[in-house]
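Asks: Give the three-dimensional model of this entry:
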Amino acid sequence: MARAVAVAAGLAAVLVSMLASAATAQMDSCSGDLPASLVGNYSGMACQPVWNNFVLRYQQDKNKVLRVVLSTMYSTGWVGMGFSRDGLMIGSSAMVGWMGKKGLPHIRQFSLRAKSGSKAAVVDRGFLVSNDHDHTVVVQQAKIYVAFQLKFNYRLSHQHIILAFGSGVPVKNKLTKHQDKTSFTFDFTTGKTFADGAFPYGLRRAHGGLNLFAWGILLPIGAILARYFRRMDPLWFYLHVGIQLAGFIIGLAGVVAGVALYSKIQADIPAHRGLGIFVLFLGILQVLAFFVRPNTDSKYRKYWNWYHHWAGRLVLFFAAANIVLGIHVGGSHDSWKIGYGFNLAILLVAVIGLEFMLWTRWSKNSNSTPTY
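Replies: Predicted structure coming up:
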């Protein structure tokens, strides 16, 4: 019995030692130094273990250039990192690196067009934009480092990634069948990895869409009605109240979606979150102000008017700034940027034109417009 206990204790100690070694190896994978030939162009990057012994180092600059160093254990064959628009291998583009049979490094882009066949992976094709002189492959201490730089039209956030490796050395740029592969969604802003299908894309679209429609369209329209259409009394007032209330409720739903999204992905975007809280706070104050509105003949009415007008302008200004920030940090496609930019341009042109007409009318009429 004592001998069995001793054996069990010995096995447990070995297991703990193995787990500690594995954890240390994973930490060392990011804490270890890059090869000297990569330090100049690829130092100071974020680092994240992503799959088995694959380690991803990455950095995006202000010009939307993504620098990547993908490293893993290596003896022979090829290592690749694919970028997919939908999480599928077919239709994606991959950067693949290997050491040739003569000891020369190779790195090329491949367009992945089928699961098998001679045209499954077509070299020097794909949607990734890069310069060949920015790429390099280094093998050092039984590890391969595949380093490359890619130019995007938008800032990457959540991106479908495919990792794969094969044991056969490519001949004439013909990839052999992969030995193993994986796919996942990688958040380039937080370094978090999500299994494909696990990232809440629908929740992110709901958060962006609801807030853009509420704070970026409905509420500005309601404010325009209150300032420029008071001659349509009392219709302007009921439209203003109705539209602003609907906009606030929809915007509140967008904020709730944002809170739920944050609880799932824990995105570290303090500026966007802080502006959102500030805008919501001002919006709540505007709603509460409606219920304490003094009568038109009250001596406090002019102070209420002053507060209500300027608080409303602050809400719209910071809401617009936060929408732009959200589109940027969310890595939204150009359609979001073009759509909101077009909407903002229409609103600005309308406000400038209506403001000119209002001041022209005021200059001809000494009577001030009624307050509310």
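
Asks: residue ranges of the strands in the stretch 51-200 of the chain, please?
Replies: For the stretch 51-200 of the chain, applying DSSP state E, counting those that start in this stretch gives strands covering 54-60, 65-73, 78-84, 93-99, 105-112, 121-123, 136-140, 143-151, 158-166, 180-187, 193-195.

Asks: how about low-confidence regions in the stretch 101-250 of the chain?
Replies: Counting by pLDDT under 70, the stretch 101-250 of the chain contains low-confidence ranges at 117-118, 132-133, 196-199.

Asks: in stretch 135-149, what's buried?
Replies: Within stretch 135-149, the residues that qualify as buried are 135-139, 143-149, counting by 16 or more other C-beta atoms under 10 Å. C-betas here are computed from N, CA, C, even on glycine.

Asks: Quick one: end-to-end length of that stretch, please.
Replies: 7 Å (C-alpha to C-alpha, to the nearest Å).

Asks: ditto for stretch 227-234
Replies: 13 Å.

Asks: Equivalent analysis for stretch 264-277, please.
Replies: In stretch 264-277, first residue to last residue: 18 Å (C-alpha to C-alpha).

Asks: How about stretch 262-271?
Replies: End-to-end distance for stretch 262-271: 14 Å, by C-alpha to C-alpha.

Asks: Start at 48, not 1
Replies: All right, first residue 48 from here; so that's stretch 309-318.

Asks: now the helices: where do they sit in this structure?
Replies: Along the chain, the segments classed as helices by DSSP state H run 49-78, 83-89, 248-260, 266-275, 282-312, 317-338, 348-376, 381-411.

Asks: could you redo the ones you listed as a markdown table and give each row mean neighbour count and distance to G129?
Replies: Written out in a markdown table, the entries for the helices of the chain read as follows (neighbours: other C-beta atoms under 10 Å; distance: least, C-beta to C-beta, whole Å):
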| stretch | mean neighbour count | distance to G129 |
| --- | --- | --- |
| helix 49-78 | 10 | 21 |
| helix 83-89 | 13 | 20 |
| helix 248-260 | 18 | 19 |
| helix 266-275 | 20 | 42 |
| helix 282-312 | 17 | 22 |
| helix 317-338 | 15 | 29 |
| helix 348-376 | 16 | 24 |
| helix 381-411 | 12 | 22 |
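
Asks: Adding distance to N412, write the strands of the stretch 98-247 of the chain out as CSV.
Replies: Compiled in CSV, the strands of the stretch 98-247 of the chain are given as follows (distance: least, C-beta to C-beta, whole Å):
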stretch, distance to N412
strand 101-107, 56
strand 112-120, 57
strand 125-131, 62
strand 140-146, 64
strand 152-159, 68
strand 168-170, 72
strand 183-187, 73
strand 190-198, 57
strand 205-213, 55
strand 227-234, 57
strand 240-242, 61
